[in-house]
Each structure stands twice: as C-alpha cells, then as structure tokens.
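**Q** Sequence plus the predicted model coming up.
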Amino acid sequence: PAFKDAVISAVLEAPAGVVRGITRANIESTLQNFSITLRRMFPILARCQIVETFHLKIAKLCFESSFLERRVQGVKTFRDLINNVRFNQLKSFNTLNLIHWLQENSIILNLFDPDTCHFEIVKRTIEIIRFLLQENR
C-alpha cells in the first residue's frame, strides 16, 4: 500500500513542467506498468479499482493543467473512459460510479468555466454531454 500511494502521489503532485510533457503514450505505459506491479500486492478487482481511479485522477490532472494541449488530453481521456464504461470495459466503474465521480470532482462545471473555457475544450465535450443526457444526469 505504501508503494501504491507513493507512485500515485508522485504522479499527481508532479510540477507543471512535468505535466506539460505528459503524453497519452506515457499515461498508458505508466498505467500498464503500475497494474503489472500491483499484481503481486492486490487481488484483481482491487487492482482494477486502483488503476482505473488513478486513470481518472490523471485525466483530471491533465484537464486542470494550465496548458491547453494537456487540458484537451484530459477531456479526451474522460471521453475514452466514458466509452469504456458504455462497453463494459472497466471492471470497477459502472455508469453511475463514473457520473458520480465526474460530479464529485466538478468536471462538468469546469468544462464550461468562463475563466478557463476554450473552444478546443468545448468542441470535444459532445460525447461527455451526450453520455450525461442519455443517462438523464
């Protein structure tokens, strides 16, 4: 557990310069290697929950970045996770869990925050809005 927490903290507390350089490939590689490492420490369902929650937190980190490219990447990751929930590809999150997480973390409100709103962000939110409308949220 201490190792897990240390890895998560190291990534989520990274300085802005490091966040700026995070790519989709970096995230996928980090998540895959993290999951492999956790195999010896946690049963499969607990490991999936840890990794999937970590993925959401990384998406939030990117989305809250001051760099537009990372913010767009964060929105794309939320969109991908929504599609994974729709097609039952996530083991620990279902539709209601994901909606609750998005609401709890103010993701929807921040998508349209007048201080940080940008056309490129809004343009990529269609799938997220459609998902919420289909789920009546």
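**A** That came through, no problem.
**Q** And the spatially most distant residue from the centre of the chain, its phi and psi?
**A** Going by C-alpha atoms, centre = their mean, the residue of the chain most distant from its centre is Arg40, 24.2 Å out. When read as degrees, to the nearest 10, the backbone of Arg40 gives phi -80, psi -10.
**Q** Run the chain-centre distance for stretch 108-128.
**A** The chain centre lies 15 Å from the centre of stretch 108-128; the measure is C-alpha atoms, centre = their mean, to the nearest Å.
**Q** can you pull the buried residues of the helix or strand in which Phe131 is found?
**A** Phe131 belongs to helix 126-134 when assigned by DSSP states H and E. By 16 or more other C-beta atoms under 10 Å, the buried positions in helix 126-134 come out as Glu127, Ile128, Phe131, Leu132. Bear in mind the C-beta positions are built from the backbone N, C-alpha and C, glycine included.
**Q** Throw the residues you listed into TSV and include pLDDT and distance to Leu31, thanks.
**A** Output for those, formatted as TSV (pLDDT from 0 to 100; distance: C-beta to C-beta, whole Å):
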residue	pLDDT	distance to Leu31
Glu127	88	21
Ile128	91	21
Phe131	90	22
Leu132	88	25
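**Q** Which single one of those is nearest to Val85?
**A** If you rank these by distance to Val85 using C-beta to C-beta, Phe131 comes first, at 8.3 Å.
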